[in-house]
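Asker: just to be clear, the model below is a prediction. Sequence and coordinates:
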Amino acid sequence: AQTVTQSQPEMSVQEAETVTLSCTYDTSESDYYLFWYKQPPSRQMILVIRQEAYKQQNATENRFSVNFQKAAKSFSLKISDSQLGDAAMYFCAYRSPGTASKLTFGTGTRLQVTL
Amino acid sequence: GAVVSQHPSWVICKSGTSVKIECRSLDFQATTMFWYRQFPKQSLMLMATSNEGSKATYEQGVEKDKFLINHASLTLSTLTVTSAHPEDSSFYICSARGLDTQYFGPGTRLTVL
């Protein structure tokens, strides 16, 4: 079974600075998907970014980018120019291909953004 | 991105009653929907996976007779908590699969008195 590990329960970043959230996973599959979801205090889960394992290029969405290291099974999220609205729980997630496959979530990292 | 709605956003009920939560994919068809439960300061715990027109697949430890799931159409899934008890109080989140990505509803806070 796949596992996802987020080793940082809490992180803090100053506004306008850059922060990196770590995520590692364990799998024997060669094809899969990786996601970062954000859960603000409203508790609405919001997709931040996704990465297909077969793509070597790291995904980027505006201020959010990932460092995908397939051999190391690492999938970190970098948030640039941090904003107060970025404060939230961030969950890393793994999914196998296939319509019936499920998301496997990490335990989450709480990000605080300070002035 | 795709939108998933969930209704109600919060509900308070008496012990022993049943509560139905609706989950709708508003701008896409979802052959697969998921129901999660989330305890405070914890990650999401998958309860069941439902496919349109077929029976739901429940995770180990989840009582299928207590948490009834119906996925009647490609845009609607419902979760009914039957004979609710205070220990069923929690935050319930639905999710719908669109192509290769899951989108989440805003959640329902259930409080059983």
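Answerer: Cool, got the structure. Residues are numbered from 1 along each chain as shown, chains lettered A, B, ... in the order given.
Asker: around chain B, pick out the residues from chain A.
Answerer: A:33, A:35, A:37, A:42-47, A:50, A:52, A:91, A:95, A:99-100, A:102-103, A:105-108 (CB under 8 Å from any CB of the partner chain). The way it works is simple: take the backbone N, C-alpha and C, and place the C-beta from them, glycine included.
Asker: okay, A:T99: pLDDT?
Answerer: A:T99 is assigned 69 on the pLDDT scale.
Asker: how about the strands in chain B?
Answerer: Taking DSSP state E as the test, the strands found in chain B are B:4-7, B:10-13, B:19-25, B:32-38, B:44-51, B:57-58, B:67-73, B:76-81, B:90-98, B:101-104, B:108-112.
Asker: again with chain A
Answerer: Under DSSP E, chain A gives strands at A:3-5, A:10-14, A:19-21, A:24-26, A:33-39, A:46-52, A:60-61, A:64-69, A:74-79, A:88-95, A:103-105, A:109-114.
Asker: how about the contacts made by the residue positioned nearest the centre of chain B?
Answerer: Computing the C-alpha centroid of chain B and ranking residues by CA atoms, centre = their mean puts B:W35 first, at 3.8 Å. Neighbouring residues of B:W35 by CB atoms under 8 Å, 6 or more residues apart in numbering or on different chains: B:23, B:46-48, B:50, B:67, B:69, B:77, B:79, B:92-95.
Asker: do A:E17 as well
Answerer: Applying CB under 8 Å, 6+ apart, the residues contacting A:E17 are A:81-82.
Asker: before we move on, the earlier item: between the strands of chain B, which one is nearest to A:A72?
Answerer: For those, proximity to A:A72 was assessed by CB to CB; strand B:101-104 is nearest, at 24.2 Å.
Asker: related to what we said a few turns ago, columns mean neighbour count on top of the strands of chain A, output as JSON lines?
Answerer: Listed next are the strands of chain A as JSON lines, based on neighbours: other CB atoms under 10 Å in any protein chain shown:
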{"stretch": "strand A:3-5", "mean neighbour count": "16"}
{"stretch": "strand A:10-14", "mean neighbour count": "14"}
{"stretch": "strand A:19-21", "mean neighbour count": "19"}
{"stretch": "strand A:24-26", "mean neighbour count": "16"}
{"stretch": "strand A:33-39", "mean neighbour count": "23"}
{"stretch": "strand A:46-52", "mean neighbour count": "18"}
{"stretch": "strand A:60-61", "mean neighbour count": "12"}
{"stretch": "strand A:64-69", "mean neighbour count": "18"}
{"stretch": "strand A:74-79", "mean neighbour count": "20"}
{"stretch": "strand A:88-95", "mean neighbour count": "23"}
{"stretch": "strand A:103-105", "mean neighbour count": "21"}
{"stretch": "strand A:109-114", "mean neighbour count": "17"}
